[in-house]
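Peer 1: Could you look at this predicted model? Sequence included:
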Amino acid sequence: MGITGFISCVKTKHDRPMAAEDLYRSPWFVAARGYIERRTDRWYILSAAHGLLWHYNVIAPYESSLNNMSRAGRRDWAWKVKAQMLENSVCRGRAIVLAGVNYRNDLEPFLHDHFDKVDVPMRGLTMGRQLKFLNDSTRNPT
């Protein structure tokens, strides 16, 4: 069945189109990518602008965040992502989610219904503690 990873997009991006996995350049994203790549069979980015993104898709930089979106906008975004997951047969096995509450809220019930197990290893951690968790996991992979 395998393990599928999901990482939320971040604000800090390069200034030209490139593969999504390389476009996002914050220390948090780089560390989250390393964490996900070591623990999953496949992974995707939860993009405020594009919905579900395969990490290898080439995209241009954009300025959009669920953190600035209305509640209704976040619900609409989640419906789009759910439809993309079903359309692309993403839902199987186990899921690991590295995303803040605005990216998870409307997706998490769906994930629990469609994956055998859903892990949110950094739930409740501040951004600083998330980065520490990710950096520690690099030094001590499990």
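Peer 2: Now that the structure is in, tell me what you want to look at.
Peer 1: what comes up buried for the longest helix seen in the chain?
Peer 2: Ranked by number of residues, the top helix in the chain under DSSP state H is helix 71-87. If you call a residue buried by 16 or more other CB atoms under 10 Å, then helix 71-87 has these buried ones: Arg74, Trp77, Ala78, Val81, Lys82, Gln84, Met85. For every residue, glycine as well, the C-beta is placed using N, CA and C.
Peer 1: what does the average pLDDT come to for that helix?
Peer 2: For helix 71-87, mean pLDDT rounds to 96.
Peer 1: so what secondary structure elements neighbour that helix?
Peer 2: strand 51-54, helix 108-114 (3 or more CB pairs under 8 Å, 6 or more residues apart in numbering; DSSP states H and E).
Peer 1: Name the next helix or strand following the longest one along the chain.
Peer 2: Following helix 108-114 in sequence order, the next helix or strand is strand 117-119 (DSSP states H and E).
Peer 1: Which residues does that next one contact?
Peer 2: The contact list for strand 117-119, computed with CB atoms under 8 Å, 6 or more residues apart in numbering, reads Arg94, Ala95, Ile96, Val97, Glu108, Leu111, His112.
Peer 1: do that again at 6 Å, thanks
Peer 2: Contacts to strand 117-119, defined as CB atoms under 6 Å, 6 or more residues apart in numbering, come from residues Arg94, Ala95, Ile96, Leu111, His112.
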